[in-house]
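Visitor: Here's my sequence, what's the structure:
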Amino acid sequence: MSKKVLIISSSPRKGGNSDTLCDEFKRGAEEAGNKVKKLFLKDKNINYCVGCGVCNQTGNCTQKDDADEIVNNMINADVIVMASPVYFYTISAQMKTLIDRTCAKHRQIKNKEFYFILTAADSRPESLIRSIECFRGFTSCLINPVEKGIIYANSAWNMGDINENQTIEEAYRMGFNI
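Guide: You can find the predicted model right below:
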């Protein structure tokens, strides 16, 4: 059965290491017959949450930017892939800003399968633990999330380093097997 897959790339570099893994995941998912949409957060205008609390009353954010469109895409997807480079041992600011902006509708992001893609210059796999915990902290606030897979891509500092890493094939296979 075909699934609606949403890939959210938070790399600040189009074609960067985590973004390249998103492309491979996408290629695999499409080749398996799924409908895939990839969003590149750098191309979106997403303001910071201002903590006004209006969304607690109305279910809608007062800010008029691209966050609502992205959150609606998350609500409508069957599978959500969240990808981030790891800077100073946590997810990118772009991804964290988006997560914060899901507040108004986060309870509507339910029954989703989640995949996480992380890249880091550090060669130690444990250097990605905090980033996974950020994603898990987010999904723990949702209704019935199912963590399906994680790609840990270490030793990827310079643009293109990922092409020498076995995770490029892992991303394709993971996408193909959703």
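
Visitor: Closest to the centroid, which residue in this protein?
Guide: Nearest to the geometric centre of the chain sits residue 82, at 1.3 Å (CA atoms, centre = their mean).

Visitor: and that residue, which of the three is it?
Guide: For residue 82, the assignment made with DSSP: H, G, I helix; E, B strand; the rest coil gives strand.

Visitor: looking at this, residue 6 is in a strand?
Guide: Yes. Assessed by three-state DSSP, residue 6 belongs to a strand.

Visitor: Next, count neighbours for it.
Guide: Per other CB atoms under 10 Å, the neighbour tally for residue 6 reads 21. The way it works is simple: take the backbone N, C-alpha and C, and place the C-beta from them, glycine included.

Visitor: what bridges to it?
Guide: When assigned by DSSP bridges, residue 6 has beta-bridge partners residue 37, residue 80.

Visitor: residues in contact with it?
Guide: Listed by CB atoms under 8 Å, 6 or more residues apart in numbering, the contact set of residue 6 reads 36-39, 73-74, 76-77, 79-81.

Visitor: Mind doing that once more with 7 Å?
Guide: Residue 6 makes contact with 37, 73-74, 77, 80-81, according to CB atoms under 7 Å, 6 or more residues apart in numbering.

Visitor: Can you select the buried ones from these in PyMOL?
Guide: In PyMOL, this line selects whichever of the contacts of residue 6 come out buried by 16 or more other CB atoms under 10 Å:
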select buried, resi 74+77+80+81
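
Visitor: tell me the two of the contacts of residue 6 that are most distant?
Guide: Greatest spacing in these, by CB to CB: 73 and 81 (11.9 Å).

Visitor: circling back to that earlier point, measure the residue nearest to the centre of the chain to residue 58 for me?
Guide: 26 Å (CB to CB, to the nearest Å).

Visitor: and if you look at residue 119?
Guide: 37 Å.

Visitor: Got phi/psi on residue 35?
Guide: Main-chain dihedrals, residue 35, degrees, to the nearest 10: phi -90, psi 120.

Visitor: Now for the nearest residue to it once chain neighbours are set aside, how many residues are close by?
Guide: Once flanking residues are discounted, residue 35 sits nearest to residue 4: 5.2 Å by CB to CB, 6 or more residues apart in numbering. Counted with other CB under 10 Å, residues neighbouring residue 4 total 14.

Visitor: now swap in residue 174 and tell me
Guide: Around residue 174 there are 22 residues (other CB under 10 Å).

Visitor: just to confirm, which helix or strand has it in it?
Guide: helix 167-176 (DSSP states H and E).
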